[in-house]
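**Student:** Kindly generate the corresponding structure for this input.
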Amino acid sequence: PRPARIAASSAAGAEVSMYLPKGSIKIRALVTILALAYPVAAHIAVARHSAPLAVASVVLLVTLILLPGLARGNRAAWLAVPAVIAGIFLLIRFGAESLPLFAPPVLFTGFMAWIFGRTLAPGKTPLIERFARLMHEPGKPIDTAIRDYARRLTRIWTVLLATLSAVNLVLALLAVPSGLLNSAGIEPFMPVPQAVWSLFANVLNYVILATFFAAEHLYRRRRFPQEPYHNLLRFIGQVVALGPRLFAESGRSMKRAD
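**Tutor:** All right, here's what the predicted structure looks like:
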């Protein structure tokens, strides 16, 4: 029934809010804005062959990475600032401003593939099932069909992210000029224009992920109409809010396993 779904969704939203400290909301919003701006800035820098824009993109990337730690007063984050500034000057000195731009598309998708994939190991709870449990009313059991679907979906996300990471790496190696092989003085056997690499890595890469995310959400609404995640924007907010908690739990479980 619709009232039950609304109540369940409200309960899930209330639980999400528990994991959003007020002091962190502005930082999280700023990090989100920087994360959305970075691939756009990087692609424009590559498309225009602009060294200043490449440097600005690197600064944007470093800010995105260090900002949460800086806001918390983390000593390591603050100590990293001088080293980062020196590194940027070295990149400018050797004309390698665009070299760091090859890393994020490979590392982001590769890291996310690892995060999803490691939860498929025997004895572990698939990542999507963890999200599903947190989005349901506390204490409410999850249907077996949802658990099976969550495991399959976690596997699909793992394969998709790993594939994108591999494609990004191959294109980064083959890109000319200033690709990874080219920068090492090796002529790629099948050169790929750097603009083509950037179009895939900084634009299509994320379009593919967003399209799959939205398509899966629409399919899940039809497959499980009784479940409390019908509003796409609300669902995205829940995923963004719960993500850090789940990743922290994954890190703690990995330490215990070690």
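**Student:** The host helix or strand of Ile25 - contacts with which helices or strands?
**Tutor:** Per DSSP states H and E, Ile25 falls inside helix 22-47. Packing contacts for helix 22-47, counted by 3 or more Cβ pairs under 8 Å, 6 or more residues apart in numbering; DSSP states H and E, involve helix 51-71, helix 103-118, helix 194-198. To be clear about C-beta, it is placed using only N, CA and C from the backbone, and glycine gets the same treatment.
**Student:** now do 7 Å
**Tutor:** Contacts defined by 3 or more Cβ pairs under 7 Å, 6 or more residues apart in numbering; DSSP states H and E place helix 22-47 against helix 51-71, helix 194-198.
**Student:** Determine the angle, from 0 to 180 degrees, between that helix and helix 51-71.
**Tutor:** 160 degrees (axes from the mean of the first three to the mean of the last three Cα atoms, to 10 degrees).
**Student:** which parts of helix 22-47 are buried?
**Tutor:** Neighbour-count burial for helix 22-47, with 16 or more other Cβ atoms under 10 Å as criterion, is recorded at 28, 31, 34, 38-39, 41-46.
**Student:** what's the angle between that helix and helix 103-118?
**Tutor:** Between helix 22-47 and helix 103-118, the angle comes out at 130 degrees (the same axes, to 10 degrees).
**Student:** Just checking the distance from helix 22-47 to the centre of its chain.
**Tutor:** 12 Å (Cα atoms, centre = their mean, to the nearest Å).
**Student:** avg pLDDT for it?
**Tutor:** For helix 22-47, the mean per-residue pLDDT is 86.
**Student:** Would you mind measuring from the most centrally placed residue in the chain to Ile85?
**Tutor:** By Cα atoms, centre = their mean, the mean C-alpha position of the chain lies nearest to Phe108, the distance being 5.7 Å. Separation of Phe108 from Ile85 (Cβ to Cβ, to the nearest Å) stands at 24 Å.
**Student:** do the same with Thr211
**Tutor:** Remark: distance between Thr211 and Ile85 (Cβ to Cβ) = 38 Å.
**Student:** what's the pLDDT at Ala71?
**Tutor:** As predicted, Ala71 sits at a pLDDT of 89.
**Student:** Quick check: closest non-adjacent residue to it.
**Tutor:** Among residues not flanking Ala71 along the chain, Ile27 sits closest, at 4.8 Å (Cβ to Cβ, 6 or more residues apart in numbering).
**Student:** How about the contacts made by that neighbour?
**Tutor:** Contacts were defined as Cβ atoms under 7 Å, 6 or more residues apart in numbering; by that measure Ile27 touches 67-68, 71.
**Student:** List buried members of those by neighbour count.
**Tutor:** 67-68, 71.
**Student:** ok so, going back, could you dump the buried residues of helix 22-47 into JSON lines with distance to Pro193 added?
**Tutor:** Formatted as JSON lines, the buried residues of helix 22-47 follow (distance: Cβ to Cβ, whole Å):
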{"residue": "Arg28", "distance to Pro193": "36"}
{"residue": "Val31", "distance to Pro193": "31"}
{"residue": "Leu34", "distance to Pro193": "27"}
{"residue": "Tyr38", "distance to Pro193": "21"}
{"residue": "Pro39", "distance to Pro193": "18"}
{"residue": "Ala41", "distance to Pro193": "19"}
{"residue": "Ala42", "distance to Pro193": "15"}
{"residue": "His43", "distance to Pro193": "13"}
{"residue": "Ile44", "distance to Pro193": "16"}
{"residue": "Ala45", "distance to Pro193": "15"}
{"residue": "Val46", "distance to Pro193": "10"}
